[in-house]
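[1] I'd like to go over a predicted model; first the sequence, then the structure.
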4 protein chains.
Amino acid sequence: MKGLILKIDCPDQHGIVAKIASYIADYAGNLIELSQFTDEQYGKFFARVEIDTSDLTVDTEDFISGFRTLGKSLSANWDFRHYPYKMRTAVLVTNTNHCLNEILWRTQLGEMPVEITSIIGNRDTCQSIAEKAEVPFHLVDMDGDATKKEAGFQQIRQILIDEQVELTVLARFMQILPDWFCQELGGKIINIHHSFLPAFIGANPYRQAYERGVKLIGATCHYVTSELDAGPIIEQEVKRVQHFHTPQDLMRLGRDCERIALARGIRYHVNDRTIIHRNRAIVFPD
Amino acid sequence: MKGLILKIDCPDQHGIVAKIASYIADYAGNLIELSQFTDEQYGKFFARVEIDTSDLTVDTEDFISGFRTLGKSLSANWDFRHYPYKMRTAVLVTNTNHCLNEILWRTQLGEMPVEITSIIGNRDTCQSIAEKAEVPFHLVDMDGDATKKEAGFQQIRQILIDEQVELTVLARFMQILPDWFCQELGGKIINIHHSFLPAFIGANPYRQAYERGVKLIGATCHYVTSELDAGPIIEQEVKRVQHFHTPQDLMRLGRDCERIALARGIRYHVNDRTIIHRNRAIVFPD
Amino acid sequence: MKGLILKIDCPDQHGIVAKIASYIADYAGNLIELSQFTDEQYGKFFARVEIDTSDLTVDTEDFISGFRTLGKSLSANWDFRHYPYKMRTAVLVTNTNHCLNEILWRTQLGEMPVEITSIIGNRDTCQSIAEKAEVPFHLVDMDGDATKKEAGFQQIRQILIDEQVELTVLARFMQILPDWFCQELGGKIINIHHSFLPAFIGANPYRQAYERGVKLIGATCHYVTSELDAGPIIEQEVKRVQHFHTPQDLMRLGRDCERIALARGIRYHVNDRTIIHRNRAIVFPD
Amino acid sequence: MKGLILKIDCPDQHGIVAKIASYIADYAGNLIELSQFTDEQYGKFFARVEIDTSDLTVDTEDFISGFRTLGKSLSANWDFRHYPYKMRTAVLVTNTNHCLNEILWRTQLGEMPVEITSIIGNRDTCQSIAEKAEVPFHLVDMDGDATKKEAGFQQIRQILIDEQVELTVLARFMQILPDWFCQELGGKIINIHHSFLPAFIGANPYRQAYERGVKLIGATCHYVTSELDAGPIIEQEVKRVQHFHTPQDLMRLGRDCERIALARGIRYHVNDRTIIHRNRAIVFPD
């Protein structure tokens, strides 16, 4: 099936759904799925619409460009995506491989419509996994002083540009990103943090969780912003633990949360099921 | 806020959402929330729409009756509900009171828009609870032979008619209902079964669960049909158990599942968030 | 069945279980359940033992006092409790009643071996619930300046002494406790905090959770210490939420977490299934 | 650390723990972890004991053989395992690879103390995975009539013998096993069934779940017995689903349950944390 996904947000007003749905119907588009949300506090309307374009009476590009009149009249931001679609995705790693393996595996199974452009590591630990998966691997050395690190991120930036990367996934990438990097990739970079945010921000969250004696540990998939571990949350997952679990046990058990939360978060993003509004992520789950 | 909830289902066809949303917009109704679902297997469209009628340019009753033309043109079944609304609800009980207490408590808190018309018991065990909650209690004795039992259900039927009951809740009511009763109340009677259906249909599900050695027990809230424990499922809830839990422990732990699943199921129903289609319940959760 | 529960902790060393179990066996006590935990980091051993004393060859009090020799030789702290046992428990409330109702209901069902000595409120909102449950209610007015508040806590202290209260439960009691009060009741006072600690410490956690855009909300049952919301965690519970849930929705959904987490936490405590070690609670679940 | 794991069951009687723990202490074994369970219905005692043998005053083999006197006096069944230990494990597959990948991945990470002896498939679909993981792959063709199938199972049997396999895992192996095979491998063969047993026994459980309209789907890891999908349950996992999920969605979502439940089930088994009693599995979780 050929189709379009429309994501739109605009100031709340009467008749938005009628106008959008009528535009689609006027050209014999088939509205497959409509998810909408009105944020009453901020007076904003958000929607995601799946449109089957098989029977469209106009050219798809004309359908898209013609929406402009309606979109502007609603003072909206909107975006159309052709689907099926594979989002060009780079995965950044350091040493641990469970999140990387999960992404590769789900991609192979067709669960996640992404094309892995490359795996980028500041260590070569995951190189052999990349090779077995037949995905390019870039080693970006950033050990040393601030200059070295800055150069590393410039190098990563260039790879993302060269490979026309649309989504960057931090799959347990153990480096603090510079501000300019976060800002440049705003809304196009996803991280998995190994705690139930906002608890245990920063380093060693499993150790922190152990010390605090929590009875549930978690993982959080979120958009990256300049502020550490504070970006919009896409997905979270938790798991029950007990007093006898050591920090090493928490690390082991937490991996399952990390894998699941990251995989779902990426899937939501690449299927255009997320809209960022202020510091929150609207997620229309599937 | 004054408003309407529209529930509708019809054969799938192009432009349904456009037509419905336009009808609402034409008379300045404000579409607050639209949930839709297309069952591709059966070619059927289902939707629930919340409409704020504060700014309606026509009388609400005219708005409702005028929808008939569109509804019929879509070959639809539809229903409008004025809200806020309190559904007249009778609760049937035998001995155990945890489900009854949960309903009363959530009703008092305003979590469930129901008006408890009465509590009907085939035992008087819950009578004092009814009295404390200032709700009428009817004792319907149905012990004895089939004639006695049949008379009991006729008596209950008459109470439901006299009290203009719209929803009947079996809150651990320990009697098999006669066919005619199930059919007469079809779609308006909800049961909580103390297992994760379709596992452990019938009597003593916790004992059955213990014997089978399951590691999770559950509860199922479902619409009642003539076939025992086989009606459309509205909500389910589970809880982890271990080998050392006796059937009595399962009973204790299961109560939490029963209370939660039943409360959510009733809430979905009275907020018109369910549509029965064949033997499945479409539920638009909140 | 008559019996004893032994809770013990001591420096880790060879043969502890053998010595304890042999002492019990020597006098024909029947070891029903033994749960042990060794904290390797701190070199400490912890255990909880259920002993059926029906066949004891000595007087139970002699059995208890005779344990002293072994206990001291292990440099242990230990405690015996006769069971069945009902712990004298006071419940502190302000306005909301869901946690109070949950405690009352589970007590009536026999799920929690407590005797509610009284309900103490700094508002009279829950007075009618106390009356229906036939439990004494004390209104302790603490509105006003610091002196008034201090006097209020002195009054509560006196009630706890007069009523020989063994456990104090803060069932959504909306007052910061003075240091001396926390210290005096150390290990004998349990709070339910309406967030997944350590996230959202302090006031309005549901509002904080909404602002942060979390996808799971929670509740934490913990021992109270002088530091706000920082005491040893006994139990936690979470629930999935979505972007469309308002702070009011979170409050409603969170109540289920609070009720469950508090009920389990109390049950663990009164069944002597918890041991506090540093700032963590060892919990042997049932 | 060098050590032993003792699994034991015997008729319930006074002093069992004292005798076992004293035996260990007498020879300066260090009891690291003791888990016990008494099944009151059948009057049976079960325990698992981890013993650090670093300081043992006798030879480990003498320690093991000397336990015989005590074991027999208790009329017990018992078994000692030296640890660390890697259990020789064969994985049987057909087409789908998610369970196989999960096992390989967790084995590489050291989460599961197994040595994968080989992967055995009645299709060659997973052969390339085996090759990348550098594990032998055996293709056992069993398509055709009953004779062909019987020959296939005889061939598998011979592989298991030749490779000294201790545990056989059915990782979505799509063949009904012959009785003699189940009986020969009794207690040493684990299956993952893609439903929440005992619901949806047999073929196409996700289709069955869809038809029944359940709101939670699951997976069950269990010991294989002659009766289809009816053996002792080791672990179960569930996941919430909604009306819009097709059978294909359930298949996708269910994979996560299958992977988690199977991985935990295997881990419990190979760490000697399970004891089969009648048709239930006692599981001492970690």
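    Perfect, I can see it now.
[2] quick one, phi psi at A:Ala263?
    Phi and psi for A:Ala263, reported as degrees, to the nearest 10, are phi -60, psi -40.
[3] any idea how far chain C is from the residue of chain A found nearest chain D?
    Scanning chain A for the residue nearest chain D gives A:Lys132, at 5.2 Å (criterion: CB to the nearest CB). Just so you know, the C-beta spots here come from the backbone N, C-alpha and C atoms, and that holds for glycine as well. Distance, A:Lys132 to chain C, using CB to the nearest CB, to the nearest Å: 33 Å.
[4] What count of nearby residues applies to that residue?
    Other residues lying near A:Lys132 total 13 when counted by other CB atoms under 10 Å in any protein chain shown.
[5] list the contacts for it?
    Under the criterion of CB atoms under 8 Å, 6 or more residues apart in numbering or on different chains, the contact list for A:Lys132 reads D:Lys132.
[6] In terms of pLDDT, where does it sit?
    The score at A:Lys132 is 93. That number is its pLDDT.
[7] Now it: which helix or strand?
    Counting by DSSP states H and E, the element that carries A:Lys132 is helix A:127-133.
[8] Okay, buried residues for that helix please.
    Within helix A:127-133, the residues scored as buried using 16 or more other CB atoms under 10 Å in any protein chain shown are A:129-130, A:133.
[9] Just give me the closest of those to A:Lys188.
    The closest of the buried residues of helix A:127-133 to A:Lys188 turns out to be A:Ala130 (CB to CB; 21.6 Å).
[10] separation between the closest one and chain B?
    In terms of CB to the nearest CB, A:Ala130 sits 38 Å off from chain B.
[11] for that residue, what are its contacts?
    Counting by CB under 8 Å, 6+ apart, A:Ala130 has contacts A:118-119, A:136-137.
[12] who touches the helix or strand hosting A:Leu70?
    Counting by DSSP H and E, the element that carries A:Leu70 is helix A:60-73. Outside helix A:60-73, the residues that touch it by CB under 8 Å, 6+ apart are A:2, A:4, A:6, A:8, A:10, A:19-20, A:23, A:27, A:29, A:53, A:56, A:58, A:78, A:80, A:82.
[13] Verify the stated contact: A:Tyr27 with A:Val58.
    Yes: using CB atoms under 8 Å, A:Tyr27 and A:Val58 qualify as a contacting pair, with a distance of 5.1 Å.
[14] Between the two, point out the one with more neighbours.
    Each of A:Tyr27 and A:Val58 had its neighbours counted (other CB under 10 Å), and the higher figure belongs to A:Tyr27 (18 against 15).
[15] tell me the contacts of the more buried one?
    The neighbourhood of A:Tyr27, defined by CB under 8 Å, 6+ apart, consists of A:56-58, A:63, A:66.
[16] By neighbour count, which of these wins?
    Scoring the contacts of A:Tyr27 on neighbours with other CB under 10 Å, the highest-scoring entry is A:Phe63 at 21 neighbours.
[17] Mind pulling up the pLDDT for that one?
    Reported pLDDT for A:Phe63: 98.
[18] nearest residue to whatever residue of the stretch 101-250 of chain A ends up closest to chain B other than its sequence neighbours?
    Ranked by CB to the nearest CB, the top residue of the stretch 101-250 of chain A for proximity to chain B is A:Arg240, at 8.1 Å. Leaving aside its chain neighbours, A:Arg240 sits nearest to A:Leu216 (5.7 Å; criterion: CB to CB, 6 or more residues apart in numbering or on different chains).
[19] mind listing what that neighbour touches?
    By CB under 8 Å, 6+ apart, the contact list for A:Leu216 reads A:196, A:238-241, C:196, C:218, C:236, C:238.
[20] Serialize these to JSON lines and add fields for distance to D:Tyr223.
    Written out in JSON lines, the entries for those read as follows (distance: CB to CB, whole Å):
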{"residue": "A:Phe196", "distance to D:Tyr223": "35"}
{"residue": "A:Val238", "distance to D:Tyr223": "29"}
{"residue": "A:Lys239", "distance to D:Tyr223": "25"}
{"residue": "A:Arg240", "distance to D:Tyr223": "24"}
{"residue": "A:Val241", "distance to D:Tyr223": "27"}
{"residue": "C:Phe196", "distance to D:Tyr223": "36"}
{"residue": "C:Gly218", "distance to D:Tyr223": "35"}
{"residue": "C:Gln236", "distance to D:Tyr223": "33"}
{"residue": "C:Val238", "distance to D:Tyr223": "32"}
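[21] got these as a markdown table, with secondary structure, neighbour count and pLDDT columns?
    Output for the contacts of A:Leu216, formatted as a markdown table (DSSP: H, G, I helix; E, B strand; the rest coil; neighbours: other CB atoms under 10 Å in any protein chain shown; pLDDT from 0 to 100):
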| residue | secondary structure | neighbour count | pLDDT |
| --- | --- | --- | --- |
| A:Phe196 | coil | 31 | 93 |
| A:Val238 | strand | 22 | 97 |
| A:Lys239 | strand | 17 | 97 |
| A:Arg240 | strand | 14 | 97 |
| A:Val241 | coil | 20 | 97 |
| C:Phe196 | coil | 31 | 94 |
| C:Gly218 | strand | 27 | 96 |
| C:Gln236 | strand | 26 | 98 |
| C:Val238 | strand | 22 | 97 |
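[22] residue boundaries of the strands in chain A?
    Using DSSP state E, the strands of chain A run over A:3-11, A:30-39, A:44-52, A:77-83, A:87-93, A:114-121, A:137-139, A:167-170, A:189-193, A:216-223, A:233-240, A:274-277, A:280-283.
[23] So which of the ones you listed is nearest B:Gln154?
    With distances scored as CB to CB, the stretch of these nearest to B:Gln154 is strand A:30-39 (46.9 Å).
[24] that older thread, of the contacts of A:Ala130, which is the most crowded?
    When neighbours are counted as other CB under 10 Å, the busiest of the contacts of A:Ala130 turns out to be A:Ile119, with 26 neighbours.
[25] Could you pull up the residues touching it?
    Taking CB under 8 Å, 6+ apart, we find A:Ile119 in contact with A:90-93, A:100, A:126, A:129-130, A:135-138.
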